[in-house]
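Q: Dropping a prediction and its sequence here:
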Amino acid sequence: VEETYIMIKPDGVQRGLVGEIISRFEKKGFKLTGLKLFQCPKELAEEHYKDLKSKSFFPKLIDYITSGPVVCMAWEGIGVVASARKLIGATNPLNAEPGTIRGDLAVQTGRNVVHGSDSPENGKREIALWFKEGELSSWTPVQEPWLTE
Ligand code: GTP
Ligand code: MG
């Protein structure tokens, strides 16, 4: 089944947006399978964003992600990776459509409040990177027959 790693970045936590952001994925109908508040060590932030290592903003990005606790989440559902990216909106919040998380709640790329995996493969990779096995739950939401036929 498809899964994605969603993370509320330190600005989202500091600004009191945790409930608001989780709500958007819950209301959409995706299934939450992992959730924790976590102070990310530098090494983990670097591993998570390793594809961006050559970028000039990489050190700033690592400082940002490690600047306070993040909320780590695993979400499951058909098409969840691409759909979550749509709910999140464009990387630069000024280009993100109203109605998206970044479009509604942020103004700058360097403070764009939330992360979402960019492919199903990266979804699996990132969930394995951020969660230990016992931290994930598989369960059947009672609303399932009302969400899918
Ligand atoms: P994530 O979901 O966090 O991976 O964002 P994304 O997939 O929309 O963008 P990308 O993977 O290209 O970049 C990862 C993160 O690096 C972005 O979300 C920003 O927080 C940060 N970032 C990207 N480009 C810039 C930039 O030009 N300047 C700064 N300061 N940060 C950037
Ligand atoms: Mg990305």
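A: Happy to help now that I have it. Ligands and ions are numbered 1, 2, ... in the order given.
Q: Flag every residue of the chain that's near ligand 1.
A: L52, F57, K60, L61, T91, T109, G110, N112, H115, G116, D118 (C-beta under 6 Å from any ligand atom). Backbone N, C-alpha and C define where each C-beta goes, glycine included.
Q: What segments of the chain are strands?
A: For the chain, applying DSSP state E gives strands covering 3-8, 31-38, 70-76, 114-116.
Q: Just the buried residues of the first one, please?
A: Same thing as strand 3-8. Applying a neighbour-count criterion of 16 or more other C-beta atoms under 10 Å, one finds E3, T4, Y5, I6, M7, I8 buried in strand 3-8.
Q: Adding pLDDT, write these out as JSON lines.
A: Below are the buried residues of strand 3-8 laid out as JSON lines (pLDDT from 0 to 100):
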{"residue": "E3", "pLDDT": "98"}
{"residue": "T4", "pLDDT": "98"}
{"residue": "Y5", "pLDDT": "99"}
{"residue": "I6", "pLDDT": "99"}
{"residue": "M7", "pLDDT": "99"}
{"residue": "I8", "pLDDT": "99"}
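Q: need the contact list for L147.
A: G29, P141 (C-beta atoms under 8 Å, 6 or more residues apart in numbering).
Q: residue ranges with poor pLDDT in the chain?
A: Counting by pLDDT under 70, the chain contains no low-confidence residues.
Q: what number of residues lie near the nearest residue to T100 once chain neighbours are set aside?
A: Once flanking residues are discounted, T100 sits nearest to G89: 2.8 Å by C-beta to C-beta, 6 or more residues apart in numbering. By other C-beta atoms under 10 Å, 24 other residues sit near G89.
Q: ok so, going back, for the strands of the chain, give me JSON lines that also has distance to E133.
A: Below are the strands of the chain laid out as JSON lines (distance: least, C-beta to C-beta, whole Å):
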{"stretch": "strand 3-8", "distance to E133": "14"}
{"stretch": "strand 31-38", "distance to E133": "10"}
{"stretch": "strand 70-76", "distance to E133": "12"}
{"stretch": "strand 114-116", "distance to E133": "22"}
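Q: Go through those and name the closest to F131.
A: Among the strands of the chain, the nearest to F131 by C-beta to C-beta is strand 31-38 (5.0 Å).
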